[in-house]
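K.L.:
can't give you the sequence, but here's the structure:
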């Protein structure tokens, strides 16, 4: 089968097309003919070694496709079922063997592209806005990189939960995308904390959803109201260096969390609930997906170079 292979840590150039033996499903696994896989920043953390991952390996942690075979003991799925998964390596290939416990059904009315585009980032936006900081109607929140794949979903779901959304974006094109997704106000990155204070009458926001990390961390803390929550769910600009926790009390007893989807889908029930709600919103049209670009599987290095250079908007996909 065709696959992308990583044999060493490094930049996008280490993503090499290769021919690999097709996997066989082990006990408790399903073999999936992959139709579409998602491009995500968490893949960058694994590839660079920020998150340890033994090499060689087939990267990609999100995909959708069709069940081709069942391993021993699998009863929840049948050959031919449309399925998707997140948080299991091996997505950037034509076939993958995935634990059935990590696999979710794709409902009618949701295509493979939508299923791959919505799952990891959609469930992340779901837990961030409903669990990490459960938005209450009338809350004002700050969403960084509001025109990115995560930002567009966060903005829409935050609006669904009743929030006023302030977004950040770096170009007029990205600002328009964020506004079209429902952002009430979009500001640039320079001096964004001061603008947030102005827009909230000096109070600050209830929560900041920050996947950028080092470049925005200080301003994100400064944007919070007393007892506000900084949900630092990613580090696209680099990891935040150590800091004095007294900054949290000085800011008004602030909360800082570094959440992960793995811990918010810790049980099968929680995984299915989040996936079902996200896919339900997609099927109904309540959650609109913006596919920024589609690449052939062999173009994986280009896709990730575009993602890391912030040349993209919305979700990037690798198509078989």
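P.N.:
That came through fine. Remember, predicted model here, so these are calculated numbers, not experimental data.
K.L.:
burial count for residue 250?
P.N.:
When neighbours are counted by other Cβ atoms under 10 Å, residue 250 registers 11. Quick note: C-beta positions are derived from backbone N, CA and C, even for glycine.
K.L.:
Begin at 109, not 1, for the rest of this chat.
P.N.:
Fine by me, first position is 109 from now on; the one you just mentioned is residue 358.
K.L.:
Residue 253 touches residue 276, doesn't it?
P.N.:
Yes. Taking Cβ atoms under 8 Å as the definition, residue 253 is a contact partner of residue 276 at 6.6 Å.
K.L.:
Tally up the residues packed near residue 406, please.
P.N.:
14.
K.L.:
ok, residue 424 - contacts?
P.N.:
Contacts for residue 424 were tallied using Cβ atoms under 8 Å, 6 or more residues apart in numbering; they are 146, 147, 257, 399, 400, 401, 402, 403, 411, 414, 415.
K.L.:
Go ahead and confirm the third one touches residue 425.
P.N.:
No. Using Cβ under 8 Å, residue 257 and residue 425 do not qualify as a contacting pair, with a distance of 9.9 Å.
K.L.:
of the two, who's got more company?
P.N.:
residue 257 (31 against 24).
K.L.:
Spit out the contact partners of the more buried one.
P.N.:
Counted by Cβ under 8 Å, 6+ apart, residue 257 has contacts 148, 225, 229, 398, 400, 422, 423, 424.
K.L.:
Just these: which are in strands?
P.N.:
400, 423, 424 (DSSP state E).
K.L.:
pretty sure the first one contacts residue 421?
P.N.:
Yes. Contact criterion Cβ under 8 Å: residue 400 and residue 421 qualify, at 4.7 Å.
K.L.:
Can you read off the backbone torsions of residue 138?
P.N.:
When read as degrees, to the nearest 10, the backbone of residue 138 gives phi -120, psi 140.
K.L.:
so what's it bridging to?
P.N.:
Residue 138 has the following beta-bridge partners by DSSP bridges: residue 178, residue 206.
K.L.:
Check the burial of it by counting its neighbours.
P.N.:
Applying other Cβ under 10 Å, we find 27 residues neighbouring residue 138.
K.L.:
On the pLDDT front, check it for me.
P.N.:
In this model, residue 138 is scored at 98, pLDDT.
K.L.:
Over to residue 387?
P.N.:
Reported pLDDT for residue 387: 98.
K.L.:
from what I can see it touches residue 219, true?
P.N.:
No. Contact criterion Cβ under 8 Å: residue 387 and residue 219 do not qualify, at 10.9 Å.
K.L.:
Comparing the two, which residue is more hemmed in?
P.N.:
Between residue 387 and residue 219, counted using other Cβ under 10 Å, the more crowded position is residue 387 (24 against 15).
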